[in-house]
Structures are given as structure tokens and as C-alpha cells.
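Student: can you look at this prediction? I've put the sequence above it.
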Amino acid sequence: MRRPWIAIVLAVAPGAALAHDAFGDLGPFYGSLLHPLADPLQGALVVGTAAFLARRPLATVRFALPVFLAAAALSHVLLAELLGLVVPPLLLAAAAIVVGGGAMLADRWVPAWSGVLVVAATGALVSLAPDRQSVDGVALQPVLGTVLGIAIFVTLVWAMLDALARRVSPVAPAVAGSWVAAVGMLIGAFSLQPAPESVRDARLDKALESPASDERDR
Amino acid sequence: MMLRLALLLALVLSVPITATRAGAHALEPGFLELLHLGGEEWRVTWRKPQVSGAPMAIEAVLPERCEPRRGQASAFDGRAFLSGWIALCKGGLAGGEIRIDGLERTRTDVLVRYTLGQDLSPKVMRLTAASPAFTVPEVQGPLGVFTSYLTLGIDHILKGIDHLLFVLMLLLLIRNWKTLLGAVTAFTVAHSLSLAAASLGWIIVPAPPVEAIVALSIAFLAAELLHPPSEKKRLTERYPWVVAFAFGLLHGLGFARALLDVGLPEGDVPLALLAFNLGVEAGQILFIAVTLALGAAFARLYPAAWAALAPGAQGLRVLAYGVGTLAAFWVVERVAGFVA
């Protein structure tokens, strides 16, 4: 191991996010539910939103959290499932930078209405992660899994950061937000790079396979 | 009023969804067994799950050096489609690839159990849609058996909505954390005992009545939730450990059914049993931890709504009626299944 850092970089490289069998084959429901843990972009947006909310007063969170979840559910059903819309990673990375950066701002700099707008926008984007699990057949289970997964993770991370802010240090959500913004910058920079040949080949193979599999499913 | 209406609406909407999922709960994996008969011959048993009365579109394919590589027509045995044949594998199984054609298009698992020689203990491999093939290793260590059965245990508890619903009812009924810890421990000990006893063949109970009683146990806890706290203490409050232990024994029999469906490796029975049980416990602990954490977050965010889930509150009653209705539906469905 002359270059241990190479192993570390490879372990956290975005390429790893393409592997969706990180938790084994748990089926479409749990696969979609655990997706935020396997996809750095979706995970960063979820943590960033939670950090952003943890910096806001409870009254704002009470309203903003359901807005975030409703936006995520609607955009997943209408845009991802019905229209097949896929958002480029760069846009998601930019959203992670905005929401992570927003978590670093004190509440007086963020009016309640703009806070709600920010989480509504991230909610609409978070369920359009380009690398989400696609499943043939009835889509009820993956849809439920995606929406429930986002709801569970954002609530749990918010609760954890909120508790840390109250009991350890009020800047805890801002620290988490700065990390999310940094992750967003890294992923944004990676997404501007041309994909390695092996990844391009894999994408080409996938694109070539798609019509055939669609035909077969019909 | 709005909160009550919202709760009711959520429950009404969730019943058909969960009822549909419940139908998919029963773990019905495929099963392929290759037993060494001596020389270069293996007896192959291939059990295909049924889908709407027809065999699932998956096919076991033996290594290239085996002849025949695929089975002939299969017969329905009441639960699955079975076929068997004698395969001649020149040079043995080790190093060859066993594949399940079509598995990648399903959501089913296939357990492969094989022996490499007459005096060697059977080995197990779990194939899934993500990994529908494997190369038979020369020697499979205990780690492979442990991982396969641990994953199977986690998979079974997380996909078993009835078991999870029972644990959720316990969480709602018992609000004192020390008593809850005792009840959950009693439930765990009980289902570990009955799982081991049933898996080792010490007790034999037909699966359908057990499944019906598991559903009945959820209905019982839902009924317990409906008792106003001012009335005489509920059975679960008076004897929480006894109730949890008694129902734990029943749920363990349900877990054993899943394990018996896939079989235990003869040489590694204790290890496989331990791994499966640990998997079930891990899944259960994860569910309890996430539920409690979500409950705490919800209580901080919406204290007024959270109060609706206090003992005796209307919200809790609505929830109890919803879960009770679902459990009653399962009881009728499962009883009708084995009576018919």
C-alpha cells in the first residue's frame, strides 16, 4: 500500500454511487428508500435541507418540512415517473451548494418565505436524482420507497442537527451545511469533467439495452 | 377536527396499499439443490415459485460440464413447481457457474444448496436479481453461510409488514421504556426459541394457521389500544412480558417457515440458525430505533398532533381501528386460504 490515499479517494469517488447494490438486493421499496444513503448527490441534498431547516425557527420548520415533502412527492410522481425527467448532476450540485450555503446563514438573513421557497425547490429536485433506481413493472413500491425514504432521512437528520444545536453548539447545522456545500462543489467539479471511457461505455451499453428491455416488458 | 380527518384519510388510503403489500409478504424464494450421489453424478431438485398459478419465468442452468444442464417439465406440489433430474458433471461442480436464467427480471431470491462430495457438508448460496449467477468455489467458508442467512433474516423481517406492525403496536401500548425494553426482550427470546425449535424439527406446526394467528396477535394488540386508560388495566399493561413472550413464540414459528422454505445447510445448522436470528434481530432493532427517533422528532415539531397519539386519545383510537381492521382482514384472508 504505497498510496493509501488512492484507495481512500477511490472509495469516496462519485463513481461508487453508480453501484446500487450497496445494501444487497432488498427489492424496489427498500432499494428506493435507502437510495439517499447510496447516492451522494441525493444524500447531500437531503442533509443540506435538514441543516438549512435546523437553522430556522421551529415555526418555519413546521410549515417548510411538509412543503419540502410535498414538493418531493409531486415532482417524483409527475416529473420523474410520468415524464421521465432526469436532472443533470450539475444542477443538483448547485442546489446542494445553495442549500448548504443557506444553512450557514443566520436566520435574520433568510426571511421565512424565502426559506420555504428554497426547501420547496430542493424538495422538487431531490427526488429527480439522475441515478435513482429504475424498476420495471408497477412503480408503486419504488415511488412509496423514494418519498418515504426522503421523508425519514430529512426528518431524522433535522432532529439530530436540531438536538446538536440546542445541546452542543448552535453552529452545528452551519457546520453540516458547509460540508454539504463542499460536497456539492466537488460533485459539480467532477460532473464538468468528461466521463472516463469505462463509464461512457457502461452508459452506452445501458442506452442500447433500454429499448430492448422496454420491448421485452411490453 | 382537521387532524382527525387527516388521520382517518391517511388510514383509509394506507389500508389498500398495505393490504396489497401484505400479499407479497410471504417469502417464496426459489430453491435449487444439488446433492452428490457419487462419482460424477448429482441429484438435482429445482423448486420454482408460482405466480398466479403458473411457474415463475426462471430456469436453473447448471455448469457447462453438466449434462443435462436444465430440468424437464415441472409438477405443482401445492405451493411451488418442482422438477428433478440426475446430472452428470464431468470433473465435478467446483469452478463451474450455476445460473438462474430470468432471475434478473424478478424480485425473487433463489437459495442454492449443493454438495461437492458425498462426505462434505452442503453449502448454500443466495442468488438475487442483482446477482443471478455464481461460480461454485472449491471450498466455501462459514463466512459465506453466515452472510447468506444474516441477509435472509434482515430481508425477512423488513419485508414482513405483519411482524413490524406487531412491534409498532407494542411500542404504542407500552410507554414506559423499561417495561418496553423488557417486553421487546421477551418477544426476542421467545421467537428465538420457537424459531430454533421449529427449524430443528423439534416442533412441527403447519404454516397457514400460524400465519393466521400472527395476524390475530396484531388484532389483539389493536383491541388493547382501544381500552380507555381509566378502565381496568389492560392485559398488556398488567403482564407485558407474558403477552410479548407468548406472541413471540408464535412469530418465531412464522420466521421458521421462511427458514424451512430455503433449508438449512446440514454441516452448518447452528451457524445458519444464529445468523438468520441475528438478521431478524438487527432488522427489528433498526425498525424500533428509527420509529422511536421519528416519534421524538414528530413530538418536537408538532406537539399538538403528537398529543393525539397519547394513551386514550382519539388519534390513537383511529390508528388502533385502522390497524385492527387491516389485521382482521389478514385473519380472514389467511383462514380462508387454508380452510379452502
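Tutor: That came in fine, so what should we check first?

Student: any regions of chain A where pLDDT drops low?
Tutor: Where chain A drops to pLDDT under 70, the residues are A:1-26, A:129-139, A:194-218.

Student: let's go with 90 and repeat that
Tutor: By pLDDT under 90, the weakly predicted segments of chain A are A:1-42, A:75-92, A:106-116, A:124-147, A:187-218.

Student: in the longest helix anywhere in it, what counts as buried?
Tutor: Across chain A, the longest stretch assigned as helix under DSSP state H is helix A:140-167. Buried residues in helix A:140-167, defined by neighbour count with 16 or more other Cβ atoms under 10 Å in any protein chain shown: A:141-147, A:149-162, A:164-165. All C-beta spots, glycine's among them, are computed from the backbone N, C-alpha and C.

Student: could you do stretch B:160-172 as well?
Tutor: B:160-172.

Student: how about these, which pair is most distant?
Tutor: B:G160 and B:L172 (18.4 Å; Cβ to Cβ).

Student: mind checking how far stretch A:71-78 is from the chain centre?
Tutor: Distance of stretch A:71-78 from its chain centroid, counting by Cα atoms, centre = their mean, to the nearest Å, is 14 Å.

Student: repeat for stretch B:320-329
Tutor: On Cα atoms, centre = their mean, the centre of stretch B:320-329 falls 20 Å from the chain's centre.

Student: please save the CA atoms from it in PDB.
Tutor: The C-alpha coordinates for stretch B:320-329 follow below in PDB (Å, rounded to 0.1, in the frame of the first residue of the first chain):
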ATOM      1  CA  ALA B 320     -56.000   1.300  16.500                       C
ATOM      2  CA  TYR B 321     -59.100   0.900  14.400                       C
ATOM      3  CA  GLY B 322     -57.100   1.100  11.200                       C
ATOM      4  CA  VAL B 323     -54.500  -1.400  12.300                       C
ATOM      5  CA  GLY B 324     -57.200  -3.700  13.800                       C
ATOM      6  CA  THR B 325     -59.200  -3.600  10.500                       C
ATOM      7  CA  LEU B 326     -56.100  -4.500   8.500                       C
ATOM      8  CA  ALA B 327     -55.200  -7.300  10.900                       C
ATOM      9  CA  ALA B 328     -58.800  -8.600  10.800                       C
ATOM     10  CA  PHE B 329     -58.700  -8.600   7.000                       C
END
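
Student: so which of the buried residues of stretch B:160-172 are in helices?
Tutor: In helices, defined here by DSSP H, the members of the buried residues of stretch B:160-172 are B:161-172.

Student: chain A: which of those residues is nearest?
Tutor: B:I161 (10.3 Å; Cβ to the nearest Cβ).

Student: how near is the residue most central in space within chain A to chain B?
Tutor: For chain A, the residue sitting closest to the mean C-alpha position, by Cα atoms, centre = their mean, is A:Q42 at 1.2 Å. Distance, A:Q42 to chain B, using Cβ to the nearest Cβ, to the nearest Å: 18 Å.

Student: helix or strand for that residue, which one?
Tutor: Assessed by DSSP states H and E, A:Q42 sits inside helix A:40-54.

Student: which element follows that helix toward the C-terminus?
Tutor: That would be, after helix A:40-54 and using DSSP H and E, helix A:58-74.

Student: which ones are touching B:L34?
Tutor: B:L34 sits next to B:42-44, B:62, B:87, B:93, B:98, B:112-115 when contact means Cβ atoms under 8 Å, 6 or more residues apart in numbering or on different chains.

Student: any chance of these in JSON lines, with neighbour count too?
Tutor: Shown next, in JSON lines, are the contacts of B:L34 (neighbours: other Cβ atoms under 10 Å in any protein chain shown):
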{"residue": "B:W42", "neighbour count": "23"}
{"residue": "B:R43", "neighbour count": "14"}
{"residue": "B:V44", "neighbour count": "22"}
{"residue": "B:L62", "neighbour count": "25"}
{"residue": "B:A87", "neighbour count": "21"}
{"residue": "B:L93", "neighbour count": "24"}
{"residue": "B:I98", "neighbour count": "23"}
{"residue": "B:V112", "neighbour count": "22"}
{"residue": "B:R113", "neighbour count": "19"}
{"residue": "B:Y114", "neighbour count": "22"}
{"residue": "B:T115", "neighbour count": "21"}
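
Student: quick check, nearest of those to chain A?
Tutor: B:V112 (15.0 Å).

Student: if I read this right, the closest one contacts B:P29, doesn't it?
Tutor: No: using Cβ atoms under 8 Å, B:V112 makes no contact with B:P29, being 10.4 Å away.

Student: make TSV from the ones in helices among the buried residues of stretch B:160-172 and add pLDDT to it.
Tutor: Shown next, in TSV, are those (pLDDT from 0 to 100):
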residue	pLDDT
B:I161	87
B:D162	87
B:H163	87
B:L164	90
B:L165	91
B:F166	90
B:V167	90
B:L168	91
B:M169	90
B:L170	88
B:L171	89
B:L172	89
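
Student: could you pull out the strands in chain B for me?
Tutor: Remark: strands assigned in chain B by DSSP state E are B:30-38, B:41-51, B:54-55, B:59-61, B:66-67, B:75-76, B:80-89, B:97-101, B:110-114, B:123-127, B:133-135.

Student: so which of those gets nearest B:E333?
Tutor: Among the strands of chain B, the nearest to B:E333 by Cβ to Cβ is strand B:41-51 (17.6 Å).

Student: just the C-alpha atoms of that closest one, please, in PDB.
Tutor: The C-alpha coordinates for strand B:41-51 follow below in PDB (Å, rounded to 0.1, in the frame of the first residue of the first chain):
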ATOM      1  CA  GLU B  41     -23.500 -37.700 -10.600                       C
ATOM      2  CA  TRP B  42     -25.600 -35.200  -8.800                       C
ATOM      3  CA  ARG B  43     -29.300 -35.400  -7.900                       C
ATOM      4  CA  VAL B  44     -30.900 -32.000  -8.800                       C
ATOM      5  CA  THR B  45     -34.100 -30.700  -7.200                       C
ATOM      6  CA  TRP B  46     -35.400 -27.400  -8.700                       C
ATOM      7  CA  ARG B  47     -38.300 -25.700  -6.900                       C
ATOM      8  CA  LYS B  48     -39.800 -22.800  -8.800                       C
ATOM      9  CA  PRO B  49     -42.200 -20.300  -7.000                       C
ATOM     10  CA  GLN B  50     -45.600 -20.000  -8.500                       C
ATOM     11  CA  VAL B  51     -47.000 -16.700  -9.900                       C
END
